[in-house]
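1. Below: sequence and its predicted model.
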Amino acid sequence: MALFADLNITNSTNTKKLQNIIETAAHLGYSTVAINHLVDLQQKKQEIGKPKDVAELFTQFPIVQGRSKPIKVLNRLTLVASDASQFRPSADFKNYDIVAILAKTEKLFHAACMSFDVDIVCITVTEKQSFHFKRPPVNGAIDRGVYFEINYTPAIKDSTMRRYTISNSLSLMEICKGKNVIISSGAEKPLELRGPYDIANLGLLFGLSEGDAKAAVSTNCRAALLHGETRKTALGIIHTMKKVQQPEEEQAEEEAPASKRAKKTNV
């Protein structure tokens, strides 16, 4: 049985509401969910703090339907920014299992895909995409193991946002060909959640193939989590370069004693 995940459950100060959403997710068959803490870097007073300990939500986490194990609850940080200067890597990132960014401009989207130390790049679904997706940054993100996220909740709330969600998703699929895509809910209440198989079917409307749509709520989510674990534990980068080997004769001549080289020259 596939392990399904919803990596975007909207954080709430209402603990009871958050508990109900997580219980509903477990009942629908999700084995992992992530509570999303949204920080808008465009607002100067916004700061990245420590997330609430998820152990405080339940004394015993609900059991996943069809499995004997309890649901796994993680913390996620999503940064909203419009300029690269607003994004500053912080030690606070390590308090979160996943770090995502919602880029409002093409320049920032390019930087997020190519160089930012994040796990997920979010795609705008509540309005028309302000720029066109280009192949170099998208392929760069795929090569780095960064994933693109589409939220489906706006699409089931409003017909206008449904058009934006489908249109923006199709634009992305033309470039990424369904690779490195995850589908999450962004749910604020239990009624906004849908089962993983329903979401896989919804992925077909977003331009995904049947296999890619299922991966978008299962294996791709797990890969994004593993990328987050690597981000938290990696301490450095090793860069290797291939050494150009000299011809054997030139190498032997260089290693010969200076007196022999001089004698050969005189002859």
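-> Structure's in. What do you need?

2. who's in contact with the spatially most central residue of the chain?
-> By Cα atoms, centre = their mean, the chain has its centre lying nearest to Ile120, at 2.0 Å. Ile120 sits next to 7, 78, 98-101, 146-149, 182, 224 when contact means Cβ atoms under 8 Å, 6 or more residues apart in numbering. Backbone N, C-alpha and C define where each C-beta goes, glycine included.

3. Which one of these sits in the busiest neighbourhood?
-> Leu7 (30 neighbours; other Cβ atoms under 10 Å).

4. for the helix or strand harbouring that residue, packing partners?
-> Element membership for Leu7 (DSSP states H and E) is strand 4-10. Judged by 3 or more Cβ pairs under 8 Å, 6 or more residues apart in numbering; DSSP states H and E, the packing partners of strand 4-10 are helix 15-28, strand 30-40, strand 72-81, strand 147-151, strand 181-184, helix 219-233.

5. and if we set it to 7 Å?
-> helix 15-28, strand 30-40, strand 181-184, helix 219-233 (3 or more Cβ pairs under 7 Å, 6 or more residues apart in numbering; DSSP states H and E).

6. and of these, who's closest to Tyr197?
-> Distance to Tyr197, taken as Cβ to Cβ, is lowest for helix 15-28 among the helices and strands packed on strand 4-10, at 9.4 Å.

7. The closest one - contacts with which helices or strands?
-> So helix 15-28, by 3+ Cβ pairs under 7 Å, 6+ apart, packs with strand 4-10.

8. angle of the strand it packs on against strand 147-151?
-> 70 degrees (axes from the mean of the first three to the mean of the last three Cα atoms, to 10 degrees).

9. Quick one: closest of the helices and strands packed on strand 4-10 to Ala2.
-> With Cβ to Cβ as the measure, helix 219-233 is the member of the helices and strands packed on strand 4-10 nearest Ala2 (7.7 Å).

10. Might you report the residue contacts of the nearest residue in space to the residue nearest to the centre of the chain that is not next to it in sequence?
-> Nearest non-adjacent residue to Ile120, counting by Cβ to Cβ, 6 or more residues apart in numbering: Ala100, 3.8 Å away. Taking Cβ atoms under 7 Å, 6 or more residues apart in numbering as the criterion, Ala100 is in contact with 76, 78, 118-120, 122, 149.

11. for this protein, which spans come out with low pLDDT?
-> 1, 44-46, 234-267 (pLDDT under 70).

12. what about stretch 43-52, how long is it end to end?
-> With Cα to Cα, to the nearest Å applied, stretch 43-52 spans 22 Å between its terminal residues.

13. got it, and stretch 88-101?
-> Stretch 88-101 end-to-end distance (Cα to Cα) = 12 Å.

14. Could you do stretch 136-151 as well?
-> End-to-end for stretch 136-151, by Cα to Cα: 23 Å.

15. Show me what counts as buried in that stretch.
-> Neighbour-count burial for stretch 136-151, with 16 or more other Cβ atoms under 10 Å as criterion, is recorded at 137-139, 141-142, 146-151.

16. What about Tyr164, how many residues nearby?
-> Neighbour count of Tyr164, defined by other Cβ under 10 Å: 18.

17. Could you pull out the buried residues of stretch 78-93?
-> For stretch 78-93, burial by neighbour count (16+ other Cβ under 10 Å) applies to 78-82, 84, 86-87, 93.

18. now what about that stretch, what contacts it?
-> 36, 38-42, 48, 77, 99-105, 107-108, 111, 116-117, 122.

19. Please state the offset of the strand holding Leu7 from the chain centre?
-> Relative to the mean C-alpha coordinate of its chain, strand 4-10 is positioned 12 Å out (Cα atoms, centre = their mean, to the nearest Å).
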